[in-house]
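**Student:** Provided below are the primary sequence and the corresponding predicted coordinates.
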Amino acid sequence: MGQLLLNNVQKFYGDYEVLKGVQLEVKNGEFVVFVGPSGCGKSTLLRMIAGLDATTAGDIVINGVRVNDLPPVKRGIAMVFQSYALYPHMTVFENIAFPLRVEKMEEAKLKAKVENAARILHLDQRLQQKPGMLSGGQRQRVAIGRAIVREPKIFLFDEPLSNLDAALRADMRIELAKLHRQLKATMIYVTHDQVEAMTMADRIVVLDAGNISQTGAPLELYHKPANQFVAGFIGNPKMNFLPVTCKGVSASGVEVDYLGQTALLPVTPRDSMAGKTLTLGIRPEHIQLNGGDIVFTVTPTVIERLGANTVAYASLNGEAENFCAMLPGSVGIRPDTPVATGINAADCHLFDEEGIAFERRVELTEIDMNVINPTAA
């Protein structure tokens, strides 16, 4: 059982406030991922939960017990770091067994725990080898095995896959997802890689400059970002933003103008909006060739052909130099050759002058809704 409550947690380094009153509850068995740009405080928050950094203010509560003043070993947590932190002179068995030897566990019980962890992580044929004989992915599994044998209430992962190549990262994402389902353990995972966040998390926590900008299931953040920061951070390639003018509102939504073209966006309107400059957001994957509620011409400057998709970075009306469109892989576009594209109002997001999102009236599929709110399925 591993429940975590962060109650108005703050962290100062001198006069610099790194975390600004973080409030978060993690339920037993959840896989929660912290994401955000460099310097947003995600790793600091993880280290504070682990007890490696002191809390300036607020409470960290694990299973109903305030742990602010407890050392790491007393908190019932296990942490896996970015660096494997393995002892090169020890075998895989001894590396995994190390925390149990510190606890002076009897040998028979220790051996059973290590062998069970090795079996879960497919390391049972490697127990007598040393780290230098293992691949990067196998070394990371050893580090995870060292955490598993402690049977912690909460697993903490600090960018554990960032030292691996792309293929190994993909493999380890799958292994970690399987491990979570098998152990049914509470896991908190820090990453800068949103692919890891979107594919592994039950819930994502987006941090921005020491504040939680939004929490939610991956598809919830994708379809309904709370603000422009989250909209631009979740999704790859990132969302495009265009300045538009509000022409009026109705029960059906908000009518906006973009370079003389009007479109009715299906969002919940607010009072006194006419004439205001707003921001329209459109994801690259929702750009289409020819036609749409709003049409425009882009001039590709860089084209990335990925097989199934073609990603084009372009200038748009001489304004957005890095406007991005994700198009079918078969399209025959070329650099410096204008292309007619368009967008549909139903795919658009809308943000006010302060970057707060208007609520979208999107029709999500039954699959989307079950993923966003599994308890409703």
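**Tutor:** That came through, no problem.
**Student:** use CA for all of it now, contacts and neighbours both
**Tutor:** Noted.
**Student:** if I pick residue 70, what's in contact with it?
**Tutor:** Going by CA atoms under 8 Å, 6 or more residues apart in numbering, residue 70 touches residue 51.
**Student:** can you pull out the helices in the stretch 51-200 of the chain?
**Tutor:** With DSSP state H, counting those that start in this stretch applied, the stretch 51-200 of the chain shows helices at 92-102, 107-120, 136-148, 166-183, 194-200, listed in chain order.
**Student:** Turn those helices into JSON lines, including mean pLDDT and mean neighbour count.
**Tutor:** Formatted as JSON lines, the helices of the stretch 51-200 of the chain follow (pLDDT from 0 to 100; neighbours: other CA atoms under 10 Å):
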{"stretch": "helix 92-102", "mean pLDDT": "94", "mean neighbour count": "21"}
{"stretch": "helix 107-120", "mean pLDDT": "93", "mean neighbour count": "17"}
{"stretch": "helix 136-148", "mean pLDDT": "91", "mean neighbour count": "23"}
{"stretch": "helix 166-183", "mean pLDDT": "88", "mean neighbour count": "14"}
{"stretch": "helix 194-200", "mean pLDDT": "90", "mean neighbour count": "19"}
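**Student:** ok, and the closest non-adjacent residue to residue 231?
**Tutor:** Setting aside the residues directly before and after it, residue 231 is nearest to residue 225 in space (CA to CA, 6 or more residues apart in numbering), at 5.2 Å.
**Student:** A strand includes that neighbour, no?
**Tutor:** No: under DSSP: H, G, I helix; E, B strand; the rest coil, residue 225 sits outside any strand and is assigned coil.
**Student:** if I look at it, how far off is residue 114?
**Tutor:** 43 Å (CA to CA, to the nearest Å).
**Student:** Residue 90 now?
**Tutor:** Shown here: residue 90 relative to residue 114, a distance of 14 Å by CA to CA.
**Student:** Which residue ranges make up each domain of this protein?
**Tutor:** Here the domain parsing of the chain from automatic domain parsing is 4-229, 235-376.
**Student:** which stretch in those domains has the least confidence?
**Tutor:** Sorting the domains of the chain by mean pLDDT places domain 235-376 lowest, at a mean of 86.
**Student:** all strands for the stretch 1-150 of the chain, in order.
**Tutor:** Assigned by DSSP state E, counting those that start in this stretch, the stretch 1-150 of the chain shows strands spanning 4-13, 16-26, 31-35, 57-62, 65-66, 77-80.
**Student:** Relative to the last one, what are the paired strands and their orientations?
**Tutor:** Yep, that's strand 77-80 we're talking about. Partner strands and pairing direction for strand 77-80 (DSSP bridges) are strand 154-158 (parallel).
**Student:** try the longest one
**Tutor:** Strand 16-26 has these partner strands in its sheet, going by DSSP bridges: strand 4-13 (antiparallel).
**Student:** Buried residues of stretch 241-261, list them for me.
**Tutor:** 241, 244-249, 253-258 (16 or more other CA atoms under 10 Å).
**Student:** can you list the residues you listed in a markdown table and add secondary structure and distance to residue 337?
**Tutor:** Shown next, in a markdown table, are the buried residues of stretch 241-261 (DSSP: H, G, I helix; E, B strand; the rest coil; distance: CA to CA, whole Å):
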| residue | secondary structure | distance to residue 337 |
| --- | --- | --- |
| 241 | strand | 22 |
| 244 | strand | 26 |
| 245 | strand | 29 |
| 246 | strand | 32 |
| 247 | strand | 33 |
| 248 | strand | 36 |
| 249 | strand | 37 |
| 253 | strand | 35 |
| 254 | strand | 34 |
| 255 | strand | 31 |
| 256 | strand | 29 |
| 257 | strand | 26 |
| 258 | strand | 23 |
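**Student:** Is it possible to get TSV of these that adds distance to residue 308?
**Tutor:** As requested, the buried residues of stretch 241-261 are exported to TSV (distance: CA to CA, whole Å):
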residue	distance to residue 308
241	25
244	32
245	35
246	37
247	38
248	40
249	39
253	35
254	35
255	34
256	33
257	33
258	31
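**Student:** quick one: which of the helices of the stretch 51-200 of the chain is nearest residue 76?
**Tutor:** helix 136-148 (10.8 Å; CA to CA).
**Student:** CA atoms only: put the closest one into PDB for me.
**Tutor:** The C-alpha trace of helix 136-148 is given here as PDB (Å, rounded to 0.1, in the frame of the first residue of the first chain):
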ATOM      1  CA  GLY A 136      22.700  -0.500 -20.500                       C
ATOM      2  CA  GLY A 137      19.100  -1.800 -20.300                       C
ATOM      3  CA  GLN A 138      20.300  -4.800 -18.200                       C
ATOM      4  CA  ARG A 139      22.100  -2.500 -15.900                       C
ATOM      5  CA  GLN A 140      19.000  -0.400 -15.400                       C
ATOM      6  CA  ARG A 141      17.100  -3.600 -14.600                       C
ATOM      7  CA  VAL A 142      19.600  -4.400 -11.900                       C
ATOM      8  CA  ALA A 143      19.100  -1.000 -10.400                       C
ATOM      9  CA  ILE A 144      15.300  -1.600 -10.500                       C
ATOM     10  CA  GLY A 145      15.800  -5.000  -9.000                       C
ATOM     11  CA  ARG A 146      17.700  -3.400  -6.100                       C
ATOM     12  CA  ALA A 147      14.500  -1.300  -5.500                       C
ATOM     13  CA  ILE A 148      12.100  -4.300  -5.900                       C
END
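**Student:** Pick the most deeply packed of the strands of the stretch 1-150 of the chain.
**Tutor:** A comparison of the strands of the stretch 1-150 of the chain by mean neighbour count, using mean count of other CA atoms under 10 Å, puts strand 31-35 on top with a mean of 25.
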